[in-house]
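Trainee: Give the three-dimensional model of this entry:
(2 chains)
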Amino acid sequence: KQEVTQIPAALSVPEGENLVLNCSFTDSAIYNLQWFRQDPGKGLTSLLLIQSSQREQTSGRLNASLDKSSGRSTLYIAASQPGDSATYLCAVKSRRNTGTASKLTFGTGTRLQVTL
Amino acid sequence: DAGVTQSPTHLIKTRGQQVTLRCSPKSGHDTVSWYQQALGQGPQFIFQYYEEEERQRGNFPDRFSGHQYPNYSSELNVNALLLGDSALYLCASSPAGTNYGYTFGSGTRLTVV
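Mentor: Next up is the predicted model:
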């Protein structure tokens, strides 16, 4: 059974800092890993999608890496801003599931607050 | 291009009642999945529909059922509501295939009183 863990559960940083969010998963047999952002009471916004064959993906100030063999991914946020305050969730799509498009298994998220 | 749309945005129901939530997938997406997110938790997979059939199911009781229409839109039905069913219900869509990511809707906040 795939399990996804995110550390830390919460993080508070001053504006301008670079930061790293961690995600680990127990089963390395995955198709891909996706990072999402969630604002309070809202839906999920996809930030980055990394295929199992890739090592990293970048979008603006965000960079996500994937080490499939060790079951780890990191989301790097450069020059953080107050608008980055949200909960960040990682999710893996496992190979061991059946179906045309396998389900996602989520971590519980990292709640980020960027202060002025 | 519209993303995933869900309705209604909020809903209050009484224990024992039944509820139907609706989802229209992103254009070009034919696979729809439903997730339940309790407060402070990550989303939990309920089930997935493709070609109008339930293809995968998570660890949810039979009170949770769904449907997918020929236009790929989907419904989530929950019968005999319990207080513990109070949560944010998220719909996600993707093209068929293993390499695609998911697009999520804004969710329906269900409160059972």
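Trainee: Show the contacting residues for whichever residue of chain A sits closest to chain B.
Mentor: As assessed by Cβ to the nearest Cβ, chain B sits closest to A:Phe106 within chain A, at 3.3 Å. In this view, the C-beta of every residue, glycine as well, is placed from N, C-alpha and C. For A:Phe106, the residues meeting the contact criterion (Cβ atoms under 8 Å, 6 or more residues apart in numbering or on different chains) are A:4, A:89-91, B:42-44.
Trainee: Could you tell me how many residues sit around A:Val20?
Mentor: Other residues within reach of A:Val20 by the criterion other Cβ atoms under 10 Å in any protein chain shown amount to 11.
Trainee: isn't it right up against A:Thr74?
Mentor: Yes - using Cβ atoms under 8 Å, A:Val20 is in contact with A:Thr74, at 5.3 Å.
Trainee: what's across from residue 13 in the sheet?
Mentor: No chain specified, so I'll use chain A. Counting by DSSP bridges, A:Val13 is bridged to A:Val114.
Trainee: Chain B, not that one
Mentor: When B:Lys13 is checked against DSSP bridges, its beta-bridge partners turn out to be B:Val112.
Trainee: now swap in B:Thr31 and tell me
Mentor: Counting by DSSP bridges, the residues bridging with B:Thr31 are B:Tyr50, B:Ser94.
Trainee: Spit out the contact partners of the closest residue to chain A within chain B.
Mentor: Distances from chain B to chain A, computed as Cβ to the nearest Cβ, single out B:Gly42 as the nearest residue at 3.3 Å. By Cβ under 8 Å, 6+ apart, the residues touching B:Gly42 are A:4, A:89, A:91, A:106-109.
Trainee: Could you pick out the buried ones from these?
Mentor: Of all the contacts of B:Gly42 considered here, the ones buried according to neighbour count by 16 or more other Cβ atoms under 10 Å in any protein chain shown are A:4, A:89, A:91, A:106-107, A:109.
Trainee: how deep is A:Lys42 tucked in, by neighbour count?
Mentor: 15.
Trainee: swap in B:Glu51?
Mentor: Should you count by other Cβ under 10 Å, B:Glu51 turns out to have 12 residues around it.
Trainee: just for the chain, where's the confidence low?
Mentor: As the question left the chain open, I've gone with chain A. Applying pLDDT under 70 to chain A flags residues A:97-101.
Trainee: Let me rephrase: I mean chain B.
Mentor: Chain B contains residues with pLDDT under 70 at B:1.
Trainee: repeat that for 90
Mentor: Along chain B, segments meeting pLDDT under 90 span B:1-2, B:56, B:96-99.
Trainee: Chain A contacts on that one?
Mentor: Proximity of chain B to chain A is assessed by Cβ under 8 Å from any Cβ of the partner chain, with B:4, B:6, B:31, B:33, B:35, B:40-45, B:48, B:50, B:55-56, B:58, B:88, B:90, B:92, B:94-107, B:109 identified as the residues in range.
Trainee: Sounds good, over and out.
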